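> with the sequence up front, the predicted model follows.
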Number of protein chains: 2
Amino acid sequence: MITVHGYTPSGNCWKVAQVLRMTGQAFRWVEVDSNAGGTRTPEFLAMNPNGKIPTAVLADGTVLVESNAIMCHFAEGTALMPPPGLARTRVLEWLFFEQYSHEPYIAVARNIVSFLRAAEANAARLEQCRIGGEKALGVMERRLGGHDWLTDHGPTVADIALVAYTQAADEGGFDLARWPGVRAWVARVLALPGVEGLQRAA
Amino acid sequence: MITVHGYTPSGNCWKVAQVLRMTGQAFRWVEVDSNAGGTRTPEFLAMNPNGKIPTAVLADGTVLVESNAIMCHFAEGTALMPPPGLARTRVLEWLFFEQYSHEPYIAVARNIVSFLRAAEANAARLEQCRIGGEKALGVMERRLGGHDWLTDHGPTVADIALVAYTQAADEGGFDLARWPGVRAWVARVLALPGVEGLQRAA
């Protein structure tokens, strides 16, 4: 059976669980609190030298890292991942956008504000997150203001990846009312069969 | 013919040119200086709303964005991109690692030190780059200390993506002598047929 090492409130970990649920692949979940050092232990680093969650382990012991690569692996051959060609390239464009231009702002803002509860001590960093996050949401709105999904292929791993932290953007101080196409799309993705919303900050 | 909008000293743009050269695909290059606002013009943003280079345009006008997605697109069906399955997943793991855990430190340090020439005004940012960059090079050394290439599939787009800025890490203050496996691998990748080294800072 597949094992996923993840932290329940993490959007990156959430992505992997959703793809496995949506494609009917059984898995067990091992909780690892990355904010409490769980990814810095010798045992964890032996499994994933980059010290990041999620980390997935296949039945034969093969270790997979990087949330978006893990999603692509488990989605291969399903409707969530188009075949090679332009349709797949469109999915990859959004996956790289997510890791470079979205997560570092929207997920980091949420962690600072709602988990570390250290907004005042990180005011300059939060301002960078605000600027970057608003830009990312603007890029998404350009697509989602006129389309149901991020690519023309219907719901894919791209939608799962981008919803991961967009659904909790308010916990980092973003008000999705400013991006109505994005907000409607979040509801659309969360209504897909098998998808369960991300755990909110306490 | 394929058109690549790129900035010659940019490692992200370099990636795309190398894959096209290595796979024998003709292209024309349109120079865009991102440090001088070339990606912020209305014309450029109409083509790529995220305002980033490289941006590629196919013969039929289709626009491709995100350097690693563009590389995957042009490498599909060649030896630089393994078929779907674990071999391809290993390539994707490194591509996402590059954009999240490598480029934001090693490329950003190079830009601050050698292009913007603003090291003193960005001391705190550079220190973050040093910590993150050294960690990334350590993760790479664990693999490259004992293997010729990042994945077991031989040279792939993963090697091109990671070499892009590693070859110029010294321009951001990193001394590759500390990571001998990485240094030997850089020379190995740059010796591949069709590959030309990245333009150095002036």
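The structure has been received and is ready for your questions.

> give me every residue in chain A lying close to chain B.
Where proximity means C-beta under 8 Å from any C-beta of the partner chain, the interface of chain A facing chain B comprises A:49-50, A:52, A:62, A:64-70, A:72-73, A:76-77, A:84-86, A:88-89, A:92-93, A:95-97, A:99-101, A:103-104, A:135, A:138-139, A:142. C-beta here means a position set from N, CA and C on the backbone, and glycine is covered the same way.

> the nearest residue to A:Ser114 once chain neighbours are set aside: what's it in contact with?
If you skip the residues right next to it in sequence, A:Ser114 has A:Ala201 as its closest partner in space, 3.6 Å away by C-beta to C-beta, 6 or more residues apart in numbering or on different chains. If a contact means C-beta atoms under 8 Å, 6 or more residues apart in numbering or on different chains, then A:Ala201 has A:9, A:110, A:114-115, A:168, A:171 as its contacts.

> one more time with 7 Å, if that's ok
If you count contacts by C-beta atoms under 7 Å, 6 or more residues apart in numbering or on different chains, A:Ala201 has them with A:9, A:114-115, A:171.

> go on, A:Asp159?
Taking C-beta under 7 Å, 6+ apart as the definition of contact, the neighbours of A:Asp159 are A:149-150, A:189.

> thinking again about what came up before, now the residues of chain A next to chain B: which count as buried?
The neighbour-count criterion (16 or more other C-beta atoms under 10 Å in any protein chain shown) marks A:49-50, A:52, A:64-70, A:72-73, A:76, A:84, A:88-89, A:92-93, A:95-97, A:99-101, A:103-104, A:135, A:139 among the residues of chain A next to chain B as buried.

> just these: which are in strands?
A:64-65 (DSSP state E).

> helices - which of the buried ones among the residues of chain A next to chain B land there?
Using DSSP state H, the subset of those located in helices is A:67-70, A:72-73, A:88-89, A:92-93, A:95-97, A:103-104, A:135, A:139.

> could you pull out the helices for chain A?
So, for chain A - with DSSP H - the helices run A:11-22, A:42-47, A:67-75, A:86-97, A:103-110, A:123-144, A:157-166, A:180-190.

> CA atoms only for the fourth one, dumped as PDB, please.
When you say that, I think you mean helix A:86-97. What follows is the C-alpha trace of helix A:86-97 in PDB, where atoms were taken according to Å, rounded to 0.1, in the frame of the first residue of the first chain:
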ATOM      1  CA  LEU A  86       0.000  20.500 -25.500                       C
ATOM      2  CA  ALA A  87      -2.700  19.500 -23.000                       C
ATOM      3  CA  ARG A  88      -0.100  18.100 -20.600                       C
ATOM      4  CA  THR A  89       2.100  21.000 -21.100                       C
ATOM      5  CA  ARG A  90      -0.700  23.300 -20.100                       C
ATOM      6  CA  VAL A  91      -1.000  21.300 -16.800                       C
ATOM      7  CA  LEU A  92       2.800  21.500 -16.200                       C
ATOM      8  CA  GLU A  93       2.700  25.300 -16.800                       C
ATOM      9  CA  TRP A  94       0.300  25.700 -13.900                       C
ATOM     10  CA  LEU A  95       2.200  23.300 -11.700                       C
ATOM     11  CA  PHE A  96       5.400  25.200 -12.100                       C
ATOM     12  CA  PHE A  97       3.500  28.500 -11.700                       C
END
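
> what comes into contact with it?
Residues outside helix A:86-97 that contact it (C-beta under 7 Å, 6+ apart): A:68, A:81-82, A:150-151, A:153, A:156-158, A:161-162, B:50, B:62, B:64-66, B:68-69, B:72-73, B:99.

> equivalent analysis for the fifth one, please.
Outside helix A:103-110, the residues within contact range by C-beta under 7 Å, 6+ apart are A:11, A:126, A:129, A:132-133, A:136, A:165-166, A:168-169, A:171-174.

> buried members of those into ChimeraX, please.
Taking 16+ other C-beta under 10 Å as the burial criterion, the selection of buried members of the contacts of helix A:103-110 in ChimeraX is written as:
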select /A:11,126,129,132,133,136,165,166,168,169,171,172,173,174
